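Q: Here is a sequence together with a model predicted from it:
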Amino acid sequence: MPANTMNEDLKRERQRCSFDPKELTYLLDGGEEKTEERRQREKFFLDDPELSETAPSDYLSHKEKYEHAVKKACIVFKKVQQLQAQGKAGMQNFREVLGGQLGSAILRDGNPLGLHYVMFIPTIMGQGTIEQQAEWISKAWNLEIIGTYAQTELGHGTFIRGLETTATYDPATEEFVLNSPTLTSYKWWPGGLGHTANYAVVVAQLYSQGICHGIHPFIVQLRDEETHLPMPGFENVRIPWNYMLMKNGKVLKDGSYVKSPSSKLTYGTMIFVRVVIVQDAANYLRKAVTIATRYSAVRHQSHIKESAPEPQILDFVTQQHKLFPQLATYFALHYSGAWLWDMYNNVTSELESGELDRLPELHALACCLKAVSAADAAQGIETCRLACGGHGYMSCSSLPITYGLVTAMVTYEGENTVLLLQTARYLMKAWQNCLDGQPLTPSVQYLNSVRRSFGGVYHKSVPWIIASMQRIAAGKIETAHRHMNDKIKRGVNSEDAWNETSIELVAASEAHCKAFIVETYYNSVQQIVPSVSQQLGKALTELCELYAVNTLLKNIGDLLRYSNVTTGDLENLQRWLEELLAAIRPNAVGIVDGFDINDAIIASPLGAYDGNVYERLFAEVSKSPLNAKPVNESFHKYLKPLLKSKM
Ligand SMILES: CCCCC/C=C\C/C=C\C/C=C\C=C\C(=O)SCCNC(=O)CCNC(=O)[C@H](O)C(C)(C)COP(=O)(O)OP(=O)(O)OC[C@H]1O[C@@H](n2cnc3c(N)ncnc32)[C@H](O)[C@@H]1OP(=O)(O)O
Ligand SMILES: Cc1cc2nc3c(=O)[nH]c(=O)nc-3n(C[C@H](O)[C@H](O)[C@H](O)COP(=O)(O)OP(=O)(O)OC[C@H]3O[C@@H](n4cnc5c(N)ncnc54)[C@H](O)[C@@H]3O)c2cc1C
């Protein structure tokens, strides 16, 4: 493959795109300057010979992978410090480098320092007093200490009020005694807890003056800062009084407890990470659909017309129906994540001034958006893998590992079902307020309007789809609310009625979240279109329409049950879907080029910018140690004796 050759198919695809992909890049980065900054930052890390992948780590042992990851994480950290010295690194950069796509490209086997930045530091910032922040934050930023977030135990991850580790205050010594008294109370899962971290935020049940005050966060030293040897004991470990993070709940030195303004403020870090997950899920999906789209433009297979040559598989409408909704879903989750991030920052600053009113709505939205974005991104990445046939199954395609990273999001930071039920708690209250004529918060205002109108007739517009999605959500919320109350009226106690209705409660949450995403996506695109070229505006509008139409068509049952849609309307929606797939087809490669994902981050022979798939695949498999020699020693050790014995 001569250097810098471009696959002819991709060349043609790039000529037919109706807009300049650079315009989309600048839009997503927030301007040309930001794009240049990002590209420079990526180059600063990716071009470092110490960080570039020599051999794929697939062939390293588990221990070697860990050691390799630690080595690279330290190099990354030093380089981030260089950026800091130039005044260029902030939380966003840490997050991007140490945890986002750039981080996962450099630290393919995980980031031993990820939890330090994603949870340990944010917990101290969110749960520590000013004095405690002054004591710990600079040490943590400068990596003088390495922390993790130790909440989950062998026996409890979801139900945190059931955690068994205890922290008992001893006023005589002004210390807390931490204890994990049972096998099931051992902290399990915290990233970095095994060998990397020397400190942890430990979430434990606080006892003082014989009373349990529920779970609170404590800083515990795990290992000696010099020798890294584990500190003595894991039972009855004593920590100083000021190692309890006391921004919210406090224990005075005499042991008296000062309640937090809300016991749920202790849960603040989890909201932060859930908010981060929405954007991260979107970015991983974007990487996967870039790989699958470029591959589908290069791959020729089968026939559409017997008389014509084998077509690009991207010309099969079924392939377009697999991939283009993933393109649209990226934008939907991206704009929902941006909206949620803004709300998180606003509510967090309100909490600083003791204003707790909007915390319930933030919690409800963070829960359902984390659940839906993680689940939809995971499903979308799997769809992209499947769309690439056998080559999509290869580890070097990057699709299996990307799926693994994102499907984990469905579990961590609050298992999806559990979080959707949290949102359902909020929706049941909202529906009751709607029935009682009480005020509703912004994200559930639609319940009022849906109750008052029977639903408009079909018209080919996203606002009609949004109204239909809201009608479905309101219908499912009302159904769950009614079924649960019917059970209670028949004498079932409220907890059992809740559990018996939980299937419908989860479905109501998902519908509410999908309606929120479609509306937020539409409003975001409406704001953007006037500021971009007519061609890019048209492409962004088509993608938004595709997300809306495809999402509604995946809910035909609910649409028929909760609206006055006709089968003729459904035919119109199907036609609209097919029109949109055809409209997006010429721009598909241009859109993924607009994501401007560096080839080193794509890390896939199927998705490189030049499209030389087969040459790159062959180069990848040649790296396998198994292919170093023509005959593997197992032949002589095992196969040959076996074959001989048959003779
Ligand atoms: C460098 C950058 C890298 C970027 C990479 C990004 C992400 C990767 C980061 C991390 C991944 C790796 C590590 C993962 C870490 C973890 O997983 S940490 C552990 C996470 N664990 C959880 O999330 C546990 C989930 N469980 C819970 O949150 C609670 O148990 C649950 C909310 C389910 C129930 O809590 P409980 O106290 O039992 O409450 P109730 O259900 O009884 O409800 C009581 C009321 O409290 C309200 N509420 C609950 N939670 C919150 C909250 N967080 N904020 C505000 N309010 C809350 C709830 O709504 C109820 O209110 P009402 O009574 O209905 O009015
Ligand atoms: C990659 C990864 C990294 C992690 N990192 C950390 C970390 O750094 N720090 C940390 O503290 N934790 C960490 N965790 C742990 C994670 O937070 C928990 O696994 C997660 O909260 C799920 O809890 P669980 O494992 O107890 O699952 P369970 O809650 O036991 O889930 C099992 C099943 O029970 C169901 N279930 C549970 N409760 C209910 C309910 N109330 N209603 C209906 N169904 C229910 C669930 O829906 C699920 O189907 C990590 C996990 C993973 C996978």
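A: It's in. Ligands and ions are numbered 1, 2, ... in the order given.
Q: mind listing the helices in the stretch 201-350 of the chain by residue range?
A: Here the stretch 201-350 of the chain has its helices, by DSSP state H, counting those that start in this stretch, at 268-298, 317-352.
Q: which one of these has the most crowded surroundings?
A: helix 268-298 (a mean of 25; mean count of other C-beta atoms under 10 Å). Any C-beta I mention is one placed from the backbone N, CA and C, and that applies to glycine too.
Q: That one: how far from the chain's middle?
A: Centroid separation between helix 268-298 and its chain, computed with C-alpha atoms, centre = their mean, to the nearest Å, is 7 Å.
Q: just the angle between it and helix 317-352, please?
A: If you take axes from the mean of the first three to the mean of the last three C-alpha atoms, to 10 degrees, helix 268-298 sits at 160 degrees to helix 317-352.
Q: still on that earlier bit, may I see the helices of the stretch 201-350 of the chain organised as JSON lines, with distance to residue 239 and mean pLDDT added?
A: Conversion of the helices of the stretch 201-350 of the chain to JSON lines gives the following (distance: least, C-beta to C-beta, whole Å; pLDDT from 0 to 100):
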{"stretch": "helix 268-298", "distance to residue 239": "19", "mean pLDDT": "96"}
{"stretch": "helix 317-352", "distance to residue 239": "26", "mean pLDDT": "97"}
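Q: could those go into TSV alongside distance to ligand 1?
A: Below are the helices of the stretch 201-350 of the chain laid out as TSV (distance: least, C-beta to the nearest ligand atom, whole Å):
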stretch	distance to ligand 1
helix 268-298	4
helix 317-352	10
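Q: Select, out of those helices, the one closest to ligand 2.
A: helix 268-298 (8.6 Å; C-beta to the nearest ligand atom).
Q: still on that earlier bit, okay if I get the helices of the stretch 201-350 of the chain as a markdown table plus distance to residue 238?
A: Below are the helices of the stretch 201-350 of the chain laid out as a markdown table (distance: least, C-beta to C-beta, whole Å):
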| stretch | distance to residue 238 |
| --- | --- |
| helix 268-298 | 25 |
| helix 317-352 | 32 |
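Q: Surely residue 587 is in a helix?
A: Yes: Residue 587: assigned to a helix according to DSSP: H, G, I helix; E, B strand; the rest coil.
Q: for the chain, which spans come out with low pLDDT?
A: 1-4, 53-55, 90-93, 99, 454-455, 647 (pLDDT under 70).
Q: Give me every residue in it lying close to ligand 2.
A: Proximity of the chain to ligand 2 (C-beta under 6 Å from any ligand atom) is limited to residues 115, 149-152, 156-158, 189-191, 408, 411-412, 414-415, 417-418, 421.
Q: In strands, which of those residues appear?
A: Among the residues of the chain next to ligand 2, the ones falling in strands (DSSP state E) are 149, 150.
Q: Buried among the residues of the chain next to ligand 2? Make that a PyMOL selection.
A: In PyMOL syntax, the buried subset of the residues of the chain next to ligand 2 is picked out as below (16 or more other C-beta atoms under 10 Å):
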select buried, resi 115+149+150+151+152+156+157+190+191+412+414+421
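Q: From the residues of the chain next to ligand 2, which land in helices?
A: 115, 408, 417, 418, 421 (DSSP state H).
Q: List just the nearest of these to ligand 1.
A: residue 418 (4.9 Å).
Q: Enumerate every residue touching the closest one.
A: residue 158 (C-beta atoms under 8 Å, 6 or more residues apart in numbering).
Q: just residue 565 next, same as before
A: Contact partners of residue 565, counting by C-beta under 8 Å, 6+ apart, are 458, 468, 559.
Q: So which residues on the protein come close to ligand 1?
A: 94-95, 98-99, 114-115, 117-118, 149, 151-152, 158-161, 191, 264, 267, 270-271, 273, 276-277, 280, 359-360, 363, 412-414, 418, 422, 425.
Q: Now do the strands in the protein.
A: Using DSSP E, strands in the chain cover 147-150, 166-170, 175-179, 199-208, 211-221, 237-240, 250-251, 257-258.
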